[in-house]
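Undergrad: any chance you could fold what I've pasted below:
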Amino acid sequence: MKATAFIFARGGSKGLPGKNIRPLAGKPLIAWSIEHALSVGRIDRVIVSTDSEDIAALAKAHGACVPFIRPAEFAADNSPEWLAWRHALRFLEVTEGALPEVMVSLPATAPLRQPIDIENCLDEYAKGDADVVITVTEAHRSPYFNMVKENADGCVGLVIPPISAITRRQDVPVVYDMATVAYVIRPEFVFSSDAIFKGRVRAVQVPKQRAIDIDTLYDFQMAECLLCLGND
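TA: Residues are numbered from 1 along each chain as shown. Below you'll find the predicted structure:
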């Protein structure tokens, strides 16, 4: 199985302007994800989809391909990333005559992932019967036990009220937080649907310390601290 890895990195970021090219522990943020992808043998190339010439130049310098500049309509603040996925796949289908065998999406905002996390996702996908493989981490709160929402009367209650009384966290169904470490996708599914959970989804659990998703300066500083301490 040969996979094509994609890194979708917009130039605009309101939470942390310029984050994709911001230096993190000595290299641009996006370079971490490019290096992760290049170290996985089953990935035959790494393509960066961006609307930014600066990101494109850095991506090329670190070994990625940038065969197109993403159109502005797929790079706005409110543009669904699913449409950017479609655009990238359609470009390959038109220019090369076929879709990749497997699509891997590696967000640039997850620099603490390890190549083994990508390998594990590819292994799970290779088992068959999945449109998408996502990554998850252990959740420290549960909608059945200690997550609440405001009701119409102004009071709060559990997000998912139990049928019977629950007094211990261990008695509720196991839930996970979604992570942005990696996605492995059947390319055809991207065109036949418009959301991950409209298909058959499997999950690979990753350690929480490798699943940080950088959106703010605080996230960035946390990632830098973890990298300096050694991330395993």
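
Undergrad: list the buried residues in stretch 13-23.
TA: Within stretch 13-23, the residues that count as buried by 16 or more other CB atoms under 10 Å are 13, 16, 19-21. For the C-beta atoms, the positions are set from N, CA and C on the backbone; glycine is no exception.

Undergrad: determine how far the last residue of that stretch lies from the first.
TA: Terminal residues of stretch 13-23 are spaced 15 Å apart (CA to CA, to the nearest Å).

Undergrad: okay, and for the chain, where does confidence drop off?
TA: Residue ranges of the chain with pLDDT under 70: 164-171, 231-232.

Undergrad: which stretches in it count as strands?
TA: Shown for the chain, the strands assigned by DSSP state E span residues 3-8, 23-24, 27-28, 43-49, 102-105, 132-138, 148-150, 156-158, 176-185, 201-205.

Undergrad: Ile43 - how many residues pack around it?
TA: 21 (other CB atoms under 10 Å).

Undergrad: so the nearest residue to Met103 once chain neighbours are set aside bridges to which residues?
TA: Nearest residue to Met103 in three dimensions, chain neighbours excluded: Ile185, at 4.5 Å (CB to CB, 6 or more residues apart in numbering). Note on Ile185: beta-bridge partners Met103, Val132, judged by DSSP bridges.

Undergrad: how close does Ile185 get to Pro161?
TA: Using CB to CB, to the nearest Å, Ile185 is found at 34 Å from Pro161.

Undergrad: and the two? Which one has more around it.
TA: Per other CB under 10 Å, whichever of Ile185 and Pro161 has more neighbours is Ile185, with 24 against 9.

Undergrad: wait, the more buried one sits on Ile134?
TA: No: assessed by CB atoms under 8 Å, Ile185 is found out of contact with Ile134, at 9.5 Å.

Undergrad: check contacts around the residue nearest to Met103.
TA: Applying CB atoms under 8 Å, 6 or more residues apart in numbering to Ile185 gives the contacts 85, 102-105, 131-133.

Undergrad: make a ChimeraX selection of the buried ones in these.
TA: Burial among these is assessed by 16+ other CB under 10 Å; the matching ChimeraX selection reads:
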select :85,102,103,104,105,131,132,133
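
Undergrad: distance to Ala37 added to the contacts of Ile185, as TSV?
TA: Compiled in TSV, these are given as follows (distance: CB to CB, whole Å):
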residue	distance to Ala37
Trp85	16
Val102	13
Met103	12
Val104	7
Ser105	10
Asp131	21
Val132	18
Val133	15
